[in-house]
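Visitor: fold the following, please.
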Amino acid sequence: MTRRIFLSSPAPTGEEAFNEGWNQALPIGNGSLGGMVYGDPFSDIIQLNEDTVWVGGGGRNRVNPKAIKSWKRCRELLLEGRIKEAEALCESDLYAIPDQQRYYDTCGHISLCFDGEEYKDYRRELCLETAVCKVSYTSGGNKFEREYFASAPDRVVAIRQRSIGGAAFGGRVKICPAREPEDEGVCAGGLFATVQEPEGGCKYTVMVSCDCDGCVIFEDGEFKIYDSTEAVIWITIRSSFFGDDVDSWCENALESASELGYEAVKARHIDDYKSYFDRVYLELCGEDRSGTPTNERLKSAESGPKLAELYFDYGRYLLISSSRPGTRPANLQGIWNKDKTPPWGSKYTININAEMNYWPAGVCALSDLEAPLLEHLKTMLPYGKKVAKDMYGLEGFCAHHNTDIFGDCAPQDQWMPATVWPMGAAWLCTHIKSHYEFTGDVEFLREYIGILKEACRFFTGYLFEREGKLITGPSTSPENTYIHPSGERGSLCVGPTMDSMIVREIFESCIEYSKLLGEEDDLTAELEKMLPKLPRPSVGKYGQIKEWAEDYDEVEPGHRHISHLWGLYPSDQLSYEKTPELMGAARVTLERRLLNGGGHTGWSRAWIINMWARLRDGDKACENVEALLSRSTYPNFLDMHPPFQIDGNFGGTAGIAEMLIQSQGGVITLLPALPKKWPAGRAGGLRARGNISADIEWRGGSLCFARLTANRDCEFKLVIPDGTRAETADCAAEPAGTDPQGRRILKIKAKRGEKVEIRR
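Guide: Numbers count the residues shown, from 1 in each chain. Okay, here's the model as predicted:
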């Protein structure tokens with residue numbers, strides 16, 4: 001069965017139906033170039049993006065000069081219970097000037113018009129196995145087919161319109177820039193439009209050329225195709241962000257693609273894409289409804305295992321298509337944005353959303369695609385150090401809840417529940433730990449240990465002692481609001497639970513990795529002294545994990561953020577192995593959120609899937625996979641916040657993987673949260689921490705076969721399911737006790753290439 005997103009009806013392209021049509025568009029991308037394909041047989045649109053096209057330039061210092069003298073006063077007011085006074089001071093003295101970072105832009109679209117009036121047998125599909133989008137239809141008794149893909153090797157978007165039976169067609173192709181072009185016309189046998197972004201933003205060029213077996217005429221700002229049976233349209237975009245000769249770069253890309261020819265460029269594209277996509281597979285047994293349009297399948301309240309399987313593959317497709325080594329990180333919409341002023345600026349929101357984009361990377365064997373996010377830490381570092389110094393008078397690296405392509409780390413927005421939250425850089429730095437755990441790459445660790453140390457250094461000055469504990473403040477529990485015992489409502493606070501969890505994670509990682517690399521210093525010694533004073537999670541009056549240092553009630557008990565369970569997922573500070581006494585409280589926390597309407601945004605629902613998986617409740621995890629599909633997914637399978645945000649797609653993919661394999665704490669557990677609705681299936685290539693590949697197969701709800709392959713010399717522990725036996729002829733193994741469910745654990749010492757097999 002070929003993995004396809006399939007729609008059987010056109011998507012409207014008119015301005016009055018812009019959102020409706022775009023939410024049915026199919027995305028293509030090569031990491032930097034993105035396109036959304038939609039329309040009808042005779043009038044198609046490919047809406048374009050390039051990942052460096054942003055409004056405005058970098059290098060600004062937006063820190064409020066009053067902040068350095070006022071932030072500690074905010075803290076004092078909070079400790080005195082004077083919440084409104086603290087928040088008023090925060091608004092006047094801590095909010096940045098101006099309050100907005102830069103934002104992502106669209107590059108407009110290419111309009112394609114082909115001859116014809118009536119049609120039948122229309123189909124628009126995206127093949128996830130080849131990353132090729134296809135439109136097919138019959139008109140005038142002749143069959144036509146149009147293909148779209150974005151090639152990373154050849155740096156172009158390619159479109160081929162052809163007649164299957166040899167009937168001739170004609171058409172028109174035009175560049176429609178999002179903003180008034182600075183220059184446009186004919187260049188190097190094609191069309192170009194050059195646009196200058198406002199507010200000192202980059203300049204970029206969209207260039208289009210055409211090869212066909214008929215006649216092409218360039219006139220009136222478009223090219224016209226006559227008497228062709230096949231026409232190939234090449235598109236590329238380049239911006240001045242790279243500082244090179246943009247027009248020459250575009251001309252060379254188009255000329256090179258044209259010389260290679262469509263079939264060669266397509267073959268190179270597919271080979272490149274499959275080198276990522278084919279690393280992992282998932283097959284869930286269930287009713288095969290691949291012949292039914294995907295949007296119709298989504299309408300089912302219980303979507304079934306095969307739709308979850310497709311969603312898993314789609315998330316991997318989107319990550320491969322929006323994040324490659326050398327590109328910018330996937331933003332709030334990946335790379336696909338239709339608006340000149342997109343929701344939330346389509347930036348990098350780092351109080352969960354940008355991080356969630358990369359949750360599937362390790363477990364889906366795509367750690368190399370995490371490189372753009374990690375590289376962005378290097379971009380942020382000098383700005384983050386300046387923000388720490390100018391805003392707080394402290395050493396180290398600090399960022400708040402957003403950053404942009406230029407690495408801006410100052411507070412964003414004028415929104416009390418989110419703006420002054422100095423944990424953004426710290427959360428991003430936990431991806432250093434995650435990347436190392438999945439890859440075992442010591443040289444990577446050596447390259448990034450300095451950034452991790454700078455993030456820790458900031459907290460040696462920012463933390464303060466209260467009742468024997470070191471806590472943060474002023475801060476927030478992201479985007480949530482509490483009710484103070486005085487009756488006041490507030491968001492600004494001291495010591496939210498999530499902050500302490502994140503600080504613990506980076507302190508412990510910094511200490512461990514400094515010792516591993518032989519880079520212990522005065523900072524490491526200081527962190528070791530501070531670590532015991534960091535608060536541990538505690539249980540509140542409802543039996544829940546407390547969200548704040550005090551046991552406040554929430555204004556919105558069903559809030560979309562579940563920040564106080566950060567230690568459950570993505571961290572592993574809460575687990576049945578480490579903190580069995582807190583797992584019941586974690587469950588109560590999640591149930592209270594859901595009982596009060598939680599999970600109402602796509603990304604929040606995706607986070608909940610991962611949390612249920614960590615709680616080892618497969619049926620609840622599956623219930624939320626189905627809710628994500630039926631309530632928070634657009635017809636084109638993209639995540640519905642609403643509006644579109646891509647983080648839900650990535651979080652959902654990570655959650656499905658988390659149901660099948662977990663490896664936190666050095667212990668690998670297979671099928672830890674298998675739901676009853678997925679009684680049989682198989683998966684291959686999933687990655688466990690330690691850089692271990694796992695192939696698994698199950699029937700009747702039980703594991704029947706697994707093979708784990710070490711991709712490097714490593715040691716790990718493996719839970720052996722009841723009724724199975726382990727074959728470890730390749731490597732050393734010894735008993736290592738039992739897990740909380742009483743199952744045997746083996747300690748494995750394996751060399752690269754060695755395997756462990758489990759059989760029933």
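
Visitor: what comes into contact with stretch 743-750?
Guide: For stretch 743-750, contacts defined as Cβ atoms under 8 Å, 6 or more residues apart in numbering pick out 667, 692, 708, 710, 713-722, 726, 728, 730-739, 756. From N, CA and C alone the C-beta is placed, and that goes for glycine too.

Visitor: buried ones among those?
Guide: 667, 692, 708, 710, 714, 716-721, 726, 728, 730-731, 733, 739, 756 (16 or more other Cβ atoms under 10 Å).

Visitor: out of those, list just those in strands.
Guide: Taking DSSP state E, the ones among these that sit in strands are 667, 692, 708, 710, 714, 716-720, 726, 733, 756.

Visitor: quick check: closest non-adjacent residue to Ile159.
Guide: Nearest residue to Ile159, sequence neighbours excluded (Cβ to Cβ, 6 or more residues apart in numbering): Ile233, at 4.2 Å.

Visitor: give the contact list for the closest residue to Arg328 other than its chain neighbours.
Guide: Leaving aside its chain neighbours, Arg328 sits nearest to Asp51 (4.3 Å; criterion: Cβ to Cβ, 6+ apart). Going by Cβ under 8 Å, 6+ apart, Asp51 touches Gly31, Ser32, Leu33, Gly34, Thr327, Arg328, Asn331, Ile335.

Visitor: for stretch 524-533, the distance to its chain's centre please.
Guide: Relative to its parent chain, stretch 524-533 has a centroid offset of 32 Å by Cα atoms, centre = their mean, to the nearest Å.

Visitor: just the buried residues of it, please?
Guide: Neighbour counts over stretch 524-533 (16+ other Cβ under 10 Å) mark Thr524, Leu527, Met530 as buried.

Visitor: contacts for it, please.
Guide: For stretch 524-533, the surrounding residues in contact (Cβ under 8 Å, 6+ apart) are 456, 460, 463, 465, 468-470, 504, 507-508, 510-511, 514-515.

Visitor: and the gap between the residue nearest to Trp344 when sequence neighbours are not counted and Phe312?
Guide: What sits nearest to Trp344 in space, not counting adjacent residues and going by Cβ to Cβ, 6+ apart, is Leu332, at 5.8 Å. Distance, Leu332 to Phe312, by Cβ to Cβ, to the nearest Å: 21 Å.

Visitor: can you check Arg614 too?
Guide: Plainly put, Arg614 is 18 Å away from Phe312 if you go by Cβ to Cβ.

Visitor: send me the worst-scoring helix or strand of the chain on mean pLDDT as CSV with only the CA atoms.
Guide: When the helices and strands of the chain are scored by mean pLDDT, DSSP states H and E, helix 18-22 comes last with a mean of 86. Listed next in CSV are the C-alpha coordinates belonging to helix 18-22 (Å, rounded to 0.1, in the frame of the first residue of the first chain):
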residue,chain,number,x,y,z
PHE,A,18,-8.3,32.0,0.6
ASN,A,19,-8.1,30.3,4.0
GLU,A,20,-10.5,27.5,3.0
GLY,A,21,-8.4,26.7,-0.1
TRP,A,22,-5.1,26.9,1.6
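
Visitor: list the contacts of the next helix or strand after that helix.
Guide: Going down the chain from helix 18-22, the next helix or strand is strand 26-29, by DSSP states H and E. Contact with strand 26-29 is made by 5, 7, 34-38, 124-126, 131, 133, 148-150, 157, 318, 321-322, 334-336, 636, 638, as judged by Cβ under 8 Å, 6+ apart.

Visitor: of the residues you listed, which belong to strands?
Guide: 5, 7, 34-38, 124-126, 133, 148-150, 157.

Visitor: which of those sit farthest apart?
Guide: Leu7 and Val157 (19.9 Å; Cβ to Cβ).

Visitor: in stretch 277-290, which residues are buried?
Guide: Buried positions in stretch 277-290, judged by neighbour count with 16+ other Cβ under 10 Å: Phe277, Arg279, Val280, Tyr281, Leu282, Leu284, Gly286, Arg289.

Visitor: any idea how far Phe149 is from the first one?
Guide: Distance check for Phe277 against Phe149: by Cβ to Cβ, it reads 13 Å.

Visitor: likewise the second one?
Guide: Arg279 sits at a distance of 20 Å from Phe149 (criterion: Cβ to Cβ).

Visitor: again, but for Thr106
Guide: From Thr106 to Phe149 the distance is 20 Å (Cβ to Cβ).

Visitor: with Ile502 instead?
Guide: The gap separating Ile502 from Phe149 is 40 Å, by Cβ to Cβ.

Visitor: now do Asp695
Guide: 29 Å.

Visitor: more neighbours: which of the two?
Guide: Phe149 (27 against 18; other Cβ atoms under 10 Å).

Visitor: quick check: bridge partners of that one?
Guide: Beta-bridge partners for Phe149, by DSSP bridges, are Ala158.

Visitor: quick one: contacts for it?
Guide: Ile28, Thr130, Ala131, Val132, Cys133, Val157, Ala158, Lys266, His269.

Visitor: can you show me the helices along the stretch 51-200 of the chain?
Guide: For the stretch 51-200 of the chain, the helices defined by DSSP state H, counting those that start in this stretch cover 67-79, 83-93.

Visitor: name the helices or strands packed onto the shortest one?
Guide: Contacts of helix 83-93 with other secondary structure elements, assessed using 3 or more Cβ pairs under 8 Å, 6 or more residues apart in numbering; DSSP states H and E, are made with helix 67-79, strand 489-490.

Visitor: any idea how far the spatially most central residue of the chain lies from Gln333?
Guide: Note on the chain: the residue nearest the mean C-alpha position is Asn357, at 1.1 Å, using Cα atoms, centre = their mean. Noted for Asn357: a distance of 10 Å to Gln333, by Cβ to Cβ.

Visitor: between those two, what contacts are shared?
Guide: With Cβ under 8 Å, 6+ apart, Asn357 and Gln333 have common neighbours Ile646.

Visitor: per-residue pLDDT of Gln333, please?
Guide: With respect to pLDDT, Gln333 scores 98.

Visitor: poorly predicted segments of the stretch 401-550 of the chain, please.
Guide: Within the stretch 401-550 of the chain, no stretch has pLDDT under 70.

Visitor: in it, what residue spans correspond to strands?
Guide: Along the stretch 401-550 of the chain, counting by DSSP state E, counting those that start in this stretch, strands occupy 402-403, 464-466, 469-471, 482-483, 489-490.

Visitor: possible to save these as a markdown table with distance to Pro537 and mean neighbour count?
Guide: Shown next, in a markdown table, are the strands of the stretch 401-550 of the chain (distance: least, Cβ to Cβ, whole Å; neighbours: other Cβ atoms under 10 Å):
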| stretch | distance to Pro537 | mean neighbour count |
| --- | --- | --- |
| strand 402-403 | 26 | 28 |
| strand 464-466 | 17 | 13 |
| strand 469-471 | 12 | 20 |
| strand 482-483 | 17 | 18 |
| strand 489-490 | 21 | 18 |
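
Visitor: mind putting those in JSON lines, distance to Leu629 included?
Guide: Below are the strands of the stretch 401-550 of the chain laid out as JSON lines (distance: least, Cβ to Cβ, whole Å):
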{"stretch": "strand 402-403", "distance to Leu629": "29"}
{"stretch": "strand 464-466", "distance to Leu629": "45"}
{"stretch": "strand 469-471", "distance to Leu629": "40"}
{"stretch": "strand 482-483", "distance to Leu629": "33"}
{"stretch": "strand 489-490", "distance to Leu629": "35"}
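
Visitor: which of those strands sits closest to Lys84?
Guide: strand 489-490 (7.5 Å).

Visitor: taking the buried residues of stretch 277-290, tell me the two that lie furthest apart.
Guide: Arg279 and Arg289 (26.3 Å).

Visitor: quick check: beta-bridge partners of Cys215?
Guide: Going by DSSP bridges, Cys215 forms beta bridges with Tyr226.

Visitor: and if you look at Glu727?
Guide: If you apply DSSP bridges, the partners that Glu727 bridges to are Glu757.

Visitor: got it, and the one 5 residues further on?
Guide: Counting by DSSP bridges, Ala732 is bridged to Lys749.
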